[in-house]
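K.L.:
The sequence isn't on hand, but the structure is:
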């Protein structure tokens with residue numbers, strides 16, 4: 001579904017990615033792991049159309065989206081859950097979710113999609129009328145994922161979903177990732193919790209200093225010495 005070819009990306013004049021190649025197939029979970037500052041979030045933002053200063057190609061179902069604006073990327077069935085959640089605190093949980101149903105085809109069926117999101121995250125139904133700022137960090141992460149799912153994406157970009165969350169909440173979040181994948185949605189997961197990321201993924205890419213160091217099936221990467229040195233500190 002997604003192909004990234006020889007991607008260079010910049011923050012202003014500073015280059016953050018060098019020649020990155022990556023692919024995610026239909027209904028596949030792929031993780032991007034690596035140390036802080038490796039360029040993982042930059043990669044996700046580039047794919048989502050949030051970073052315009054890129055060279056190379058970003059293809060979704062064969063369509064070149066390298067220079068396409070973020071809302072057009074979403075129209076192609078790609079939704080992002082950004083790092084830090086970024087929910088609208090002054091709006092209710094329900095209002096935040098409805099903001100996600102902006103893609104053509106998502107608006108007309110938003111009631112059915114909302115029911116699916118509530119089934120995935122029952123707490124969001126329980127707190128539907130509460131302002132999002134009153135939610136815990138874990139609940140806000142559930143809300144951010146639910147909002148992205150309201151667009152009925154075929155691919156979900158998850159940027160550091162475990163950041164700042166307690167282990168018991170992480171269990172719920174990663175169980176949701178498995179359920180989303182089981183529903184046929186592709187997932188590109190950027191994650192600092194390497195063991196959890198590899199546990200839900202079929203393949204993974206190791207980024208370091210803006211470059212792909214190694215990539216392959218997760219069972220292979222668990223024993224890769226480069227992964228141990230770069231991420232696990234072993």
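P.N.:
Arrived safely. If you're wondering where the values come from, they're calculated on a predicted model, not measured in any experiment.
K.L.:
Mind listing what's buried along the helix or strand of the chain with the lowest mean pLDDT?
P.N.:
Of all helical and strand segments in the chain, the minimum by mean pLDDT, DSSP states H and E falls on helix 225-227, at a mean of 77. For helix 225-227, burial by neighbour count (16 or more other C-beta atoms under 10 Å) applies to residue 227. In short, each C-beta sits where N, CA and C put it, glycine included.
K.L.:
Residues touching it, excluding its own?
P.N.:
Contacts to helix 225-227, defined as C-beta atoms under 8 Å, 6 or more residues apart in numbering, come from residues 33, 194, 206, 213-214, 221.
K.L.:
Make a markdown table out of those and add distance to residue 135, neighbour count and pLDDT.
P.N.:
A markdown table is the format used below for those (distance: C-beta to C-beta, whole Å; neighbours: other C-beta atoms under 10 Å; pLDDT from 0 to 100):
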| residue | distance to residue 135 | neighbour count | pLDDT |
| --- | --- | --- | --- |
| 33 | 28 | 27 | 94 |
| 194 | 27 | 20 | 87 |
| 206 | 33 | 24 | 95 |
| 213 | 37 | 18 | 93 |
| 214 | 38 | 16 | 93 |
| 221 | 34 | 23 | 89 |
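K.L.:
want to try CSV for those, with distance to residue 39 and secondary structure as columns?
P.N.:
Putting the contacts of helix 225-227 into CSV (distance: C-beta to C-beta, whole Å; DSSP: H, G, I helix; E, B strand; the rest coil) gives the following:
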residue, distance to residue 39, secondary structure
33, 12, strand
194, 16, helix
206, 11, strand
213, 11, strand
214, 15, strand
221, 18, helix
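K.L.:
Let me have these in a markdown table, adding distance to residue 26 as columns.
P.N.:
Output for those, formatted as a markdown table (distance: C-beta to C-beta, whole Å):
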| residue | distance to residue 26 |
| --- | --- |
| 33 | 22 |
| 194 | 25 |
| 206 | 23 |
| 213 | 26 |
| 214 | 24 |
| 221 | 22 |
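K.L.:
Check which helices and strands the helix or strand encompassing residue 98 is in contact with.
P.N.:
Secondary structure from DSSP states H and E places residue 98 in helix 93-99. In terms of contacts (3 or more C-beta pairs under 8 Å, 6 or more residues apart in numbering; DSSP states H and E), helix 93-99 is packed against helix 110-120, helix 137-149.
K.L.:
chain center to that helix, what's the gap?
P.N.:
Chain-centre distance of helix 93-99: 19 Å, with C-alpha atoms, centre = their mean, to the nearest Å.
K.L.:
and what of stretch 52-64?
P.N.:
17 Å.
K.L.:
for it, how far is the first residue from the last?
P.N.:
Using C-alpha to C-alpha, to the nearest Å, the gap from the first to the last residue of stretch 52-64 comes to 14 Å.
K.L.:
any idea of the mean pLDDT in it?
P.N.:
For stretch 52-64, the mean per-residue pLDDT is 89.
K.L.:
Now do the buried residues in it.
P.N.:
Residues of stretch 52-64 classed as buried: 54, 56, 58, 60 (neighbour count, 16+ other C-beta under 10 Å).
K.L.:
Going by distance to residue 171, which of the residues you listed wins?
P.N.:
Using C-beta to C-beta, residue 60 comes nearest to residue 171 of the buried residues of stretch 52-64, at 31.1 Å.
K.L.:
Just list whatever residues bridge to the closest one.
P.N.:
With DSSP bridges applied, residue 60 shows beta-bridge pairing to residue 2, residue 63.
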